[in-house]
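# Just to be clear, the model below is a prediction. Sequence and coordinates:
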Amino acid sequence: MNKKIVALSFILVVLIAAAVFGLRYYQLRQNQPLTLYGNVDIRTVNLGFRVGGRLAHLAVDEGDRVHPGQMLAKLDDAPYRNALQQAQANVESAQAKLDLAQSGYRSEEIAQVRSQLAQQQAAFTYAESFYRRQQGAWAKRAISPNQLEDALAASNQARANLQAAKEKLQQYQTGNRPQEIAAAQAALSQARAAMSQSALDLADTMLVTPSEGTILTRAQEPGSMLSAGGSVFVLSLTRPVWIRAYIDEANLSQAVPGTPVAISVDGQPDKRYHGKIGFVSPTAEFTPKSVETPQLRTDLVYRLRIIVDDADDRLRQGMPVTLSLAAAHLPLPILAGGAADGTKNAQ
């Protein structure tokens, strides 16, 4: 009987020890950093002119480091300088027409119209008097009917000319109509817009870099005729530098945006870069061929974007890297007699 009790006690102790060992081993595995593999992803920009023309000068070559605002290339700007001068002349002409419309007519022009009105008044007075005399002669049958009709037509024509002269004087005294002034203002605005566009086209004959980076490709040479938008350089941006990686669904809970990530490359085993998870894809996809881990080759995975905080020139486009995600923020399993605190974050 005692032997049975001893045997049972021994078995129980072994089971308890195995359970404790398994639990501790599980905890250790849960708190070990998760290792992923990815590739460096650096953004590139195709640089070109917004206007077309003959390429006159290139200031940089492949491999050169460039800074924001640095001049990279220049077109022959003679046609654009001529266009700007023409646009400036059109603005001056439109401005003069607007000033003339707003100021109205000069006093000399108004005096000239008054003189014309006086002439028309005299002509009408004479024509009207002549017509009345012709009426008297017609009453005595001293003239023919045609002569009377001619006198009436001359009187009517003189009356019409007098009315036209009066209206012209009123127009000169009042000035231009508001619609005419508005049309002159619109013409001036149109001329100014054309001048601004010409100035912008002239400025666009110089190609400047939008941000810091390295010239990857020089696609054109001086003397080439370029169309607007044609690529001249390909620029690799210095910032931002990202890591593209993939994680399976079993470990997806560890990929929390903002989680710190340690980054290493094969060529620099002692160098560590630091970053954080910036994006987790909401959709699953089949594992790309670039992921070499055998366990993930046929599984569905989620794409991660890790933002590198301290990137330097040694991180190149497409370079394979190793990522280490701390797992201390994961909840620990419930132990006998209490629960472990799973709210700690990876440091």
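Looks like it arrived, so ask away.

# contacts and neighbour counts: CA atoms only from here.
Will do.

# which other residues reach the helix or strand containing Pro269?
Element membership of Pro269 [criterion: DSSP states H and E] is strand 268-286. Applying CA atoms under 8 Å, 6 or more residues apart in numbering, the external contacts of strand 268-286 come out as 255-265, 298-311.

# For that strand, which strands pair with it and how are they oriented?
In the sheet, strand 268-286 lines up against strand 260-265 (antiparallel), strand 300-308 (antiparallel) (DSSP bridges).

# and the contacts of strand 268-286, which are buried?
The neighbour-count test (16 or more other CA atoms under 10 Å) marks 255, 259-265, 300-308, 311 as buried among those.

# how about the strands of the stretch 101-250 of the chain, start to end?
206-208, 213-218, 225-226, 231-248 (DSSP state E, counting those that start in this stretch).

# remind me which residues of the stretch 101-250 of the chain are low pLDDT?
Low-confidence segments of the stretch 101-250 of the chain (pLDDT under 70): 104-108, 110, 171-176.

# one more time with 90, if that's ok
In the predicted model of the stretch 101-250 of the chain, residues 101-152, 154-156, 158-159, 162-182, 236-242, 246-250 satisfy pLDDT under 90.

# residue boundaries of the helices in it?
Along the stretch 101-250 of the chain, counting by DSSP state H, counting those that start in this stretch, helices occupy 107-139, 145-174, 178-203.

# a markdown table for the ones you listed, including mean neighbour count?
Listed next are these as a markdown table, based on neighbours: other CA atoms under 10 Å:
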| stretch | mean neighbour count |
| --- | --- |
| helix 107-139 | 16 |
| helix 145-174 | 16 |
| helix 178-203 | 17 |
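
# Specify the stretch among the ones you listed that is closest to Val91.
helix 178-203 (5.0 Å; CA to CA).

# quick one on the thing from earlier: between the helices of the stretch 101-250 of the chain, which one is nearest to Val45?
Comparing these by CA to CA, helix 178-203 comes nearest, at 20.4 Å.

# Tell me the spacing between Ala96 and Leu188.
9 Å (CA to CA, to the nearest Å).
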